[in-house]
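Participant: Provide a 3D model corresponding to the input given below.
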Amino acid sequence: MKSATVRELKTELQEKSPKEILELCLRLSRFKKENKELLTYLLFESSDEQSYIESVKEEIDEKFEHVNRKSPYFVKKSIRSILNHTKKYIRYSQNKETELELLIYFCQKLKNFKPSIHRNKKVETLYYRLIAECKKKTGLLHEDLQYDYYRELEDL
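Facilitator: You can find the predicted model right below:
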């Protein structure tokens with residue numbers, strides 16, 4: 001996800017009501033480094049959650065392509081970095097469906113990762129922990145959505 005320029009943010013903020021700006025700023029104050037990215041999400045991407053999910057998935061794909069595969073240590077370090085970025089984008093959205101969709105996608109990428117994650121015990125543990133976390137979070141959703149996500153989790 002690319003951050004908008006300060007000028008684009010200013011233009012978009014001028015179109016918001018004072019009450020909306022106050023809510024945005026209060027939410028923004030909880031974050032430090034990622035302020036511009038969060039504000040970009042709130043102003044431009046929150047209205048179209050599906051395109052936001054797709055852009056994050058593209059970024060995950062790109063990061064998985066650039067994983068350093070020279071040693072298990074670097075593989076683990078790269079995968080943890082990708083997961084941290086994914087969770088940062090999940091935190092911006094605060095939407096349970098978005099969270100599940102991105103975590104399941106991350107697990108799918110991890111499952112198909114070469115060299116196999118089963119060679120590295122720590123990465124394998126991370127994978128199974130994420131699946132357990134997804135199952136737990138799926139139970140909090142509406143029944144129709146639960147069924148769809150459980151089917152995806154069974155494939156993993």
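
Participant: From the geometric centre of the chain, which residue sits farthest away?
Facilitator: Of all residues in the chain, P18 sits farthest from the chain's C-alpha centroid, using CA atoms, centre = their mean; the distance is 29.6 Å.

Participant: Can you pull the phi/psi pair for it?
Facilitator: Here is the backbone geometry of P18 (degrees, to the nearest 10): phi -60, psi -40.

Participant: go on, P115?
Facilitator: Given degrees, to the nearest 10, the pair of backbone angles that P115 has is phi -70, psi 160.

Participant: Excluding chain neighbours, what is closest to it?
Facilitator: R69 (6.6 Å; CB to CB, 6 or more residues apart in numbering). Just so you know, the C-beta spots here come from the backbone N, C-alpha and C atoms, and that holds for glycine as well.

Participant: which element is the one you found on?
Facilitator: Here R69 is covered by no helix or strand, with elements defined by DSSP states H and E.

Participant: Is V56 in contact with R91, as I believe?
Facilitator: No. Checked against CB atoms under 8 Å, the pair V56 and R91 is beyond contact range at 11.7 Å.

Participant: who's more crowded, the two?
Facilitator: The neighbour comparison of V56 against R91 (other CB atoms under 10 Å) goes to V56, with 24 against 14.

Participant: what sits against the residue nearest to P115?
Facilitator: Taking CB atoms under 8 Å, 6 or more residues apart in numbering, we find R69 in contact with 75, 114-115.

Participant: contacting residues around T40?
Facilitator: When contacts are counted by CB under 8 Å, 6+ apart, T40 touches 1-4, 9.

Participant: Need the buried ones from those residues selected in PyMOL.
Facilitator: Burial among the contacts of T40 is assessed by 16 or more other CB atoms under 10 Å; the matching PyMOL selection reads:
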select buried, resi 1+4+9
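
Participant: between the contacts of T40, which is closest to Y105?
Facilitator: When the contacts of T40 are ranked by distance to Y105 (CB to CB), M1 comes first, at 15.0 Å.

Participant: pLDDT below threshold where in the chain?
Facilitator: Per-residue confidence for the chain (pLDDT under 70) gives these ranges: 28-31, 33, 144-145, 147-150, 156.
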